[in-house]
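In: turn this into a structure:
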Amino acid sequence: MRLERLTANKIKIFLSSDDLFERGLSKEDIWKDSIKWHQLFHDMLEEASEEFDVEFEGSVAVEIFSLQAQGMIMIITVDETAEDEEVLYDGFIEMQVRVEGNDDLLFIFNTIEDVIALSKRLNCMGIQGGNLFSLDGCYFMHMQKINAADLERTASILSEYGDASIASPHWLMEYGNLIIKDNAVETLLHFFK
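Out: Predicted coordinates for the structure are as follows:
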């Protein structure tokens with residue numbers, strides 16, 4: 001589990017599929033009203049509270065983004081509209097949850113050779129496209145608009161050559177260098193046969 005403070009009242013929590021598995025949960029458990037899920041949520045709030053010195057009392061909005069084969073990201077926002085006198089200190093948290101799926105895959109690679117080898121393998125499977133970024137000596141492959149039938153297979157092949165990234169494509173567009181747009185697999189194969 002990784003925590004990141006986005007603003008004074010907003011925290012991002014990344015849970016990998018392994019983090020969920022270790023706690024006996026799956027991404028499907030988000031939809032269920034289970035005791036395990038509530039316990040995980042309260043554990044995350046407690047850890048975030050200790051790490052960033054934020055009190056989670058009153059109304060809390062939670063956005064959950066499910067990342068295919070990578071885990072999930074939770075954005076927790078503490079409601080600042082309530083004045084301190086109005087906040088109820090009864091130990092309960094009012095929670096609004098919005099769950100969104102994301103069929104995009106974003107992986108990070110140590111070398112360009114890994115990305116080239118990946119492109120050859122994806123091409124053999126008939127999977128093309130992708131955006132290639134570089135940032136801080138690493139390479140990022142962002143695959144989008146993948147056929148639903150190929151999504152799991154593509155994610156498993158990407159994980160053979162690199163690691164799932166918690167960065168967002170929007171963040172990469174802002175801070176990274178876009179090397180190849182939309183057709184990274186085909187372009188790499190054209191230049192590196």
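
In: quick one, what contacts Phe14?
Out: Met1, Arg2, Leu3, Glu4, Gly71, Met72, Ile73, Ile166 (CB atoms under 8 Å, 6 or more residues apart in numbering). The way it works is simple: take the backbone N, C-alpha and C, and place the C-beta from them, glycine included.

In: tell me the spacing between it and Glu4.
Out: Distance of Phe14 to Glu4, given as CB to CB, to the nearest Å: 8 Å.

In: next SSE downstream of the lowest-mean-pLDDT helix or strand in the chain?
Out: Every helix and strand of the chain was ranked by mean pLDDT, DSSP states H and E. The lowest is strand 93-102, at a mean of 44. Per DSSP states H and E, the first helix or strand lying C-terminal to strand 93-102 is strand 105-109.

In: can you list contacts of that following strand?
Out: By CB under 8 Å, 6+ apart, strand 105-109 touches 68-70, 115, 118, 138-144, 146, 151, 154-155, 158-159, 161-165, 167-169, 172.

In: now swap in stretch 166-186 and tell me
Out: Contacts of stretch 166-186 (CB under 8 Å, 6+ apart): 2, 14, 70, 73, 104, 106, 108, 115, 119, 122-123, 127-135, 139-142, 144, 187-188.

In: just the buried ones among those, please.
Out: By neighbour count, with 16 or more other CB atoms under 10 Å, the contacts of stretch 166-186 hold 14, 70, 73, 104, 106, 108, 115, 119, 122, 127-128, 130-134, 139-142, 187-188 as buried.

In: got a PyMOL select line for the buried ones in the contacts of Phe14?
Out: Those of the contacts of Phe14 that count as buried under 16+ other CB under 10 Å are selected in PyMOL with:
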select buried, resi 1+3+71+72+73+166
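
In: inside strands: which ones of the contacts of Phe14?
Out: Members of the contacts of Phe14 lying in strands (criterion: DSSP state E): Arg2, Leu3, Glu4, Gly71, Met72, Ile73.

In: run through who's touching stretch 157-165.
Out: Counting by CB under 8 Å, 6+ apart, 16, 67, 69-71, 105-110, 114-115, 117-118, 121-122, 125, 140-141, 143 sit against stretch 157-165.

In: got the end-to-end distance for that stretch?
Out: In stretch 157-165, first residue to last residue: 15 Å (CA to CA, to the nearest Å).

In: ok so, going back, flag the least confident of the contacts of Phe14.
Out: Lowest pLDDT among the contacts of Phe14: Gly71, with 71.
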